[in-house]
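Engineer: only geometry, no sequence info:
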DNA sequence: TCTCCTCGAGATCT
DNA sequence: CTCGAGGAGA
């Protein structure tokens, strides 16, 4: 199991905040490993108003390339006499304090800052954060993309052409405040909007036969089938449909009336013990008790359903 | 019905 | 990274 990197990193929140700190950084590239911070911007917001700001250009170890200068407008000359991160890192840490951080795809900024603060100051950036990219994905799925600029335009917020930290903070916090208004108008809250949905749409009862031509001599006719594990060749729903179209029945779980347990793959399932799922172990117990139940692998199931000849062509 | 898990697909940041 | 789909188990 891969060890968790940045283990003290804060949690991602979806909240309607009265007080927070917007952050944005400019860097020499996208890689936290190889690229460097060249500008930090932050705005403290309270009740929708800017109450404090922090803006600092930072001198990187390596030169800024042309692409970044063109993108941000930040040149090597501009940072030549600026402090290195190690000299101003503490100022930034003090500025944000323990406030909740907010930004567009803010994981990008947090990861850069987390690593830099740890390396230079031997401290952990533990602040919780709000990523407004999550908001726009939820609210504006119809837009061609959810880049800050696109979202700002959609919300009639003016955004300047240059990618500079403080300017982007301005746009970001305005986008957040506007999106909060939209959520309020929907008579919901961010918490409700991001509440995990129950996506268990697969209920065996919902699967009905698409034919009434049944072969009453088929081994699965009038039988009760259950599944365990992930099937290789089709979604479980399709397999259940096959059973039902033969005139069999399906259940979500293994019961006293189950006749066939079809076993798929569960190599991926780390919680599995002795290579057998609980359904399989339950089935073995029922068989010992004399139940008319067979445990069959996926391949055998296809032989039964489709016939030997078709099986080879799958 | 609820919580926990895994995987694959799809974006966004400079 | 985040989400949704789809599993298991209680």
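Structural biologist: Happy to help now that I have it. In this text, all values refer to a predicted model and were calculated from it rather than measured experimentally.
Engineer: Report whether stretch A:62-75 contacts DNA strand B.
Structural biologist: Yes. Stretch A:62-75 reaches DNA strand B (C-beta under 7 Å from any atom of the strand) through A:68, A:71-72. Using the backbone N, CA and C atoms, a C-beta is placed for each residue, glycine as well.
Engineer: what's the first-to-last distance across that stretch?
Structural biologist: Stretch A:62-75 has an end-to-end distance of 12 Å (C-alpha to C-alpha, to the nearest Å).
Engineer: pLDDT of it, averaged?
Structural biologist: Mean pLDDT, computed over stretch A:62-75, is 96.
Engineer: give me the number of residues near the closest residue to residue A:131 other than its chain neighbours?
Structural biologist: Using C-beta to C-beta, 6 or more residues apart in numbering and skipping the chain neighbours, the partner closest in space to residue A:131 is residue A:106 (4.7 Å). If you count neighbours by other C-beta atoms under 10 Å, residue A:106 ends up with 22.
Engineer: wait, doesn't residue A:106 sit right on residue A:23?
Structural biologist: Yes. Contact criterion C-beta atoms under 8 Å: residue A:106 and residue A:23 qualify, at 6.9 Å.
Engineer: starting at the chain centroid, how far to the lengthiest helix in chain A?
Structural biologist: Longest helix in chain A by number of residues (criterion: DSSP state H): helix A:165-185. Here helix A:165-185 is found 22 Å from its chain centre; the criterion is C-alpha atoms, centre = their mean, to the nearest Å.
Engineer: Next one: the very next helix or strand once past that helix, is it in contact with DNA strand C?
Structural biologist: Taking DSSP states H and E as the definition, the helix or strand that follows helix A:165-185 towards the C-terminus is helix A:190-193. No. Helix A:190-193 lies out of reach of DNA strand C by C-beta under 7 Å from any atom of the strand, never closer than 8.8 Å.
Engineer: Quick one: mean pLDDT for helix A:190-193?
Structural biologist: Mean predicted lDDT for helix A:190-193 stands at 90.
Engineer: how far does it sit from the chain's center?
Structural biologist: On C-alpha atoms, centre = their mean, the centre of helix A:190-193 falls 16 Å from that of its chain.
Engineer: Contacts made by it with the rest, please.
Structural biologist: The contact list for helix A:190-193 (C-beta atoms under 8 Å, 6 or more residues apart in numbering) reads A:14-16, A:135, A:138, A:180, A:183.
Engineer: Understood, closing this out.
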